[in-house]
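Asks: Starting from these lines, generate the structure:
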Amino acid sequence: MPQRLRRRPSASMVVALLALFIALDGPATAARLVNGSAIKRNSITNRQVRNGTLGTQDLSKRAIKSLKATPTKTVGSAQLRSGAVTNGAIGPKAVDASKLADGSVGNTQLAAKAVDAGKLADGAVGAGQLATDAVTSSKVADGSIGAAAIADGGLQTRDLGDFSGSVLVNFDPFPPSTCQVAFVPDPVPSAPGQNNMIADDIVSVSPGTSGWPDPIIVTANPGANNSLRIVACRIGKDKDKIEGDPTDLIDPGPTTFQYVAFDT
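Replies: Predicted coordinates:
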């Protein structure tokens with residue numbers, strides 16, 4: 001019986017069979033063979049991931065929480081609608097300096113009475129966080145400014161009084177142990193909007209010069225018909241002069257007096 005000759009498959013045949021294998025079963029086999037344990041750690045970068053293919057289920061809880069957080073100092077006045085930040089939208093002590101971009105809080109970003117003491121962390125608002133002219137009286141809730149919010153030396157007498165002003169008085173020369181009274185009818189306030197009804201107020205007065213004679217003591221009190229009385233009294237006499245000496249006089253000259261009235 002004649003012997004059959006076995007021929008080796010040609011190179012083209014081998015390539016064709018390999019292509020057939022890949023077409024029929026290659027991807028399935030690759031899926032079974034390639035899993036997470038077969039991929040080198042940190043070897044997949046953003047270039048290997050197709051855009052839009054990752055969902056929240058592919059992210060860790062830590063990554064999701066990080067994405068939900070607002071980066072520090074990214075919200076400025078341009079991102080806030082006028083009056084958008086109201087009292088109810090701010091948690092207690094929620095606003096500190098790290099949450100505010102420099103100059104981001106202006107007058108229009110604050111709703112009326114939106115900021116009270118409970119909304120601000122201690123020391124949260126500095127000069128860098130406030131835009132020029134951002135804080136007006138309508139933006140500050142009643143009773144929200146306490147002693148801790150006021151810089152030492154920040155208030156002057158006129159900031160505390162109900163009424164303040166100044167008046168020029170020219171007293172006559174003072175003999176020993178004498179007093180004089182200057183009447184200021186219906187005094188004019190030094191700033192618009194002040195209440196100049198001082199009938200029941202406590203009044204403090206001071207000469208606006210450093211050259212006022214020490215022996216002459218000055219006080220003030222409300223007078224009739226909403227007038228102001230400035231009382232100046234010389235205490236004692238000149239020690240170098242005899243009693244009754246007509247030359248023992250002190251002439252303070254024209255003096256501007258500053259006064260402030262405190263409501264009782």
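
Asks: any idea how far the residue nearest to Q109 when sequence neighbours are not counted is from L120?
Replies: Once flanking residues are discounted, Q109 sits nearest to L80: 4.9 Å by C-beta to C-beta, 6 or more residues apart in numbering. Placement of C-beta: from N, CA and C, glycine included. For L80, the distance to L120 (C-beta to C-beta, to the nearest Å) stands at 17 Å.

Asks: swap in D152?
Replies: Counting by C-beta to C-beta, the gap from D152 to L120 is 19 Å.

Asks: and what of K61?
Replies: Taken as C-beta to C-beta, the span from K61 to L120 is 32 Å.

Asks: And the two? Which one has more around it.
Replies: L120 (18 against 8; other C-beta atoms under 10 Å).

Asks: The closest residue to that one other than its chain neighbours: what's it in contact with?
Replies: Once flanking residues are discounted, L120 sits nearest to V95: 6.0 Å by C-beta to C-beta, 6+ apart. The contact partners of V95, by C-beta atoms under 8 Å, 6 or more residues apart in numbering, come to K119, L120, A121, A124, V125.

Asks: Of the residues you listed, keep whichever come out buried.
Replies: K119, L120, A124, V125 (16 or more other C-beta atoms under 10 Å).

Asks: And the residues you listed, which two are furthest apart?
Replies: K119 and V125 (10.2 Å; C-beta to C-beta).

Asks: Okay, and which of the contacts of V95 map to strands?
Replies: Among the contacts of V95, no residue falls in strands (DSSP state E).

Asks: would you turn the residues you listed into TSV with distance to S166?
Replies: What follows is the contacts of V95, written out as TSV (distance: C-beta to C-beta, whole Å):
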residue	distance to S166
K119	40
L120	37
A121	41
A124	39
V125	34
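
Asks: Looking at those, which is nearest A89?
Replies: K119 (9.7 Å).

Asks: Could you report the separation of the nearest residue to that closest one once chain neighbours are set aside from A84?
Replies: Among residues not flanking K119 along the chain, I90 sits closest, at 4.7 Å (C-beta to C-beta, 6+ apart). For I90, the distance to A84 equals 11 Å [C-beta to C-beta].

Asks: higher neighbour count, those two?
Replies: Remark: of I90 and A84, I90 carries more neighbours, 16 against 13, as counted by other C-beta under 10 Å.

Asks: For N107, grab the count of nearby residues.
Replies: 15.

Asks: check contacts around it.
Replies: N107 sits in contact with A131, D133, A134, V135, T136, K139, where contact means C-beta under 8 Å, 6+ apart.

Asks: Return the members of those classed as buried.
Replies: A134, K139.

Asks: Which one of the contacts of N107 is nearest to V184?
Replies: T136 (32.6 Å).
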